[in-house]
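>>> Sequence and predicted structure below; questions after.
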Amino acid sequence: QVQLVESGGGLVQAGGSLRVSCAASGRTWSIYAMAWFRQAPGKEREFVAAISWTGGTTRYADSVKGRFTISRDNAKNTMYLQMNSLKPEDTAVYYCAAVSATVTSALTSDYRYWGQGTQVTVSS
């Protein structure tokens, strides 16, 4: 099994920056693609960004493109999401996900492992 633990969430003003992290443990050798999703109150969980095993392939939701950057450090078994120019509509619980596959999917159903989430709140 793989365990994922998010950290780094918090309260930030609009226009500010925040970096959230996802630490993986367990059978980390089985992880390939990883991703960030988010879920706001009353809304479905939505894709934010994904990254391949090598980090050479990334993809982003249109709503965060140019503002968020996904990265990973395989030596530390950790993935990051740098969030800049934050907006109130970015407020959500941010979840990291992982799968034993090479594709950087935007579908929640394609990911096998999930963290518990970290709250990000952007005030206006």
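Noted; the coordinates are in hand. Residues are numbered from 1 along each chain as shown.
>>> how about Gln82, secondary structure?
What DSSP: H, G, I helix; E, B strand; the rest coil gives for Gln82 is strand.
>>> ok, it - how many residues close by?
13 (other CB atoms under 10 Å). C-beta here means a position set from N, CA and C on the backbone, and glycine is covered the same way.
>>> Same check on Ala92?
For Ala92, using other CB under 10 Å, the count is 22.
>>> I'd like the distance between the most centrally placed residue in the chain and Gln119.
By CA atoms, centre = their mean, the chain has its centre lying nearest to Trp36, at 2.2 Å. Distance from Trp36 to Gln119, counting by CB to CB, to the nearest Å: 14 Å.
>>> anything in contact with each of those two?
Common neighbours of Trp36 and Gln119, counting by CB atoms under 8 Å, 6 or more residues apart in numbering, are Tyr94.
>>> Residue ranges in this protein under the pLDDT threshold?
Scanning the chain for pLDDT under 70 picks out 30.
>>> Tell me where it has strands.
Here the chain has its strands, by DSSP state E, at 2-7, 10-13, 18-26, 33-39, 46-51, 58-60, 68-73, 78-83, 92-99, 113-114, 118-123.
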